[in-house]
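> I would like to see how this sequence folds:
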Amino acid sequence: MLKLHKTVVASGLLVLASVAVAAEKSPVSANVALTTNYVWRGVSQTAENSAIQGGFDYTHSGGFYLGTWGSNVNFGNDAVTSSDGDGASMELDFYGGYKFTAAGVNWDVGAIRYLYPDANSSLEYDFTEFYVGGGYGPFSLKYSNASDYQGVTTKSGTYLDAAFSMELSQGLALALHVGKSGGDGVQAAFGKKYTDYKISLTKEVGGVGIGLAYTDTNMSGAQEIKKGVSANDGQWMLTFSKSL
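Modelled structure (predicted):
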């Protein structure tokens, strides 16, 4: 009887080990997050309100990847959108690319499609960006280009993203970011080509990522929005995230 019990336990452990290995090698992953403010390139996408976000990723061992990600958004009331003035309420992104290492640099080349399913097509919110980025140690640099930028413009928009990250102590990580939005498309959409900044601290506690960040831009004058819809002045964000 004891021998049988040991055999059952051993078999059970073997099954659990096999499942664990299979899960570890799975090319599919998921993520979910709750944030107090969804800020994209220094501009609030939720009128400084909270957002629920999540996505799925497929990563091939050869370096190719595909993914999708979504979040609620709030661009305020816009009479063009509908008769009752409701703006877009959702952002849905699809992306894919290829990651590889060359000359000691971790490269990432790909494209991303930004969609706003419930926005009126006349607003032309949907747009596509192509990007190339490289990382070396704690530093990374990424360049994105949209030949037809978001909004009622046919002009291009660019974004140059420079970042630095490091672990401080006991899993606490610091990240610094500066980004430059340029191109005539950005000028048409925001009235100014601008720079955004971000500093964040993150730490995993009990399998949940906790992040605190502060972001700001160099917007001034008529382009500076201190509160509410499309706020681009100094903003704080607290985010809880989980990878599945």
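> can you give me the end-to-end distance of stretch 35-53?
Taking Cα to Cα, to the nearest Å, stretch 35-53 runs 8 Å from one end to the other.
> do the same with stretch 114-125
Here the two ends of stretch 114-125 are set 8 Å apart, with distance taken as Cα to Cα.
> stretch 230-238 now?
With Cα to Cα, one end of stretch 230-238 sits 18 Å from the other.
> repeat that for stretch 43-63.
32 Å.
> pull out the buried residues from it.
Of the residues in stretch 43-63, those buried by neighbour count under the rule 16 or more other Cβ atoms under 10 Å are Val43, Ser44, Gln45, Thr46, Ala47, Glu48, Asn49, Ala51, Gln53, Gly54, Gly55, Asp57. The way it works is simple: take the backbone N, C-alpha and C, and place the C-beta from them, glycine included.
> need the contact partners of it.
27-39, 65-76, 91, 93, 98-100, 190, 196, 217, 227-232, 235 (Cβ atoms under 8 Å, 6 or more residues apart in numbering).
> looking at the residues you listed, which are in strands?
Among those, the residues falling in strands (DSSP state E) are 28-35, 39, 65-72, 91, 93, 98-100, 196, 217, 235.
> those residues, buried ones only, as a PyMOL selection?
Filtering these down to the buried ones (16+ other Cβ under 10 Å) takes a single PyMOL command:
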select buried, resi 31+33+35+39+65+66+67+68+69+70+71+72+91+99+196+217+235
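> how about the buried residues of stretch 43-63 in JSON lines, adding distance to Leu201, secondary structure and pLDDT?
Listed next are the buried residues of stretch 43-63 as JSON lines, based on distance: Cβ to Cβ, whole Å; DSSP: H, G, I helix; E, B strand; the rest coil; pLDDT from 0 to 100:
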{"residue": "Val43", "distance to Leu201": "22", "secondary structure": "strand", "pLDDT": "96"}
{"residue": "Ser44", "distance to Leu201": "20", "secondary structure": "strand", "pLDDT": "96"}
{"residue": "Gln45", "distance to Leu201": "22", "secondary structure": "coil", "pLDDT": "96"}
{"residue": "Thr46", "distance to Leu201": "21", "secondary structure": "coil", "pLDDT": "95"}
{"residue": "Ala47", "distance to Leu201": "25", "secondary structure": "coil", "pLDDT": "94"}
{"residue": "Glu48", "distance to Leu201": "20", "secondary structure": "coil", "pLDDT": "96"}
{"residue": "Asn49", "distance to Leu201": "22", "secondary structure": "coil", "pLDDT": "96"}
{"residue": "Ala51", "distance to Leu201": "20", "secondary structure": "strand", "pLDDT": "98"}
{"residue": "Gln53", "distance to Leu201": "19", "secondary structure": "strand", "pLDDT": "98"}
{"residue": "Gly54", "distance to Leu201": "22", "secondary structure": "strand", "pLDDT": "98"}
{"residue": "Gly55", "distance to Leu201": "23", "secondary structure": "strand", "pLDDT": "98"}
{"residue": "Asp57", "distance to Leu201": "24", "secondary structure": "strand", "pLDDT": "98"}
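> ok, so of those residues, who is nearest Tyr131?
Minimum distance to Tyr131 across the buried residues of stretch 43-63 is 16.0 Å, recorded for Asp57 (Cβ to Cβ).
> any idea how far that closest one is from Leu115?
Plainly put, Asp57 is 17 Å away from Leu115 if you go by Cβ to Cβ, to the nearest Å.
> same deal with Glu224?
Using Cβ to Cβ, Glu224 is found at 29 Å from Leu115.
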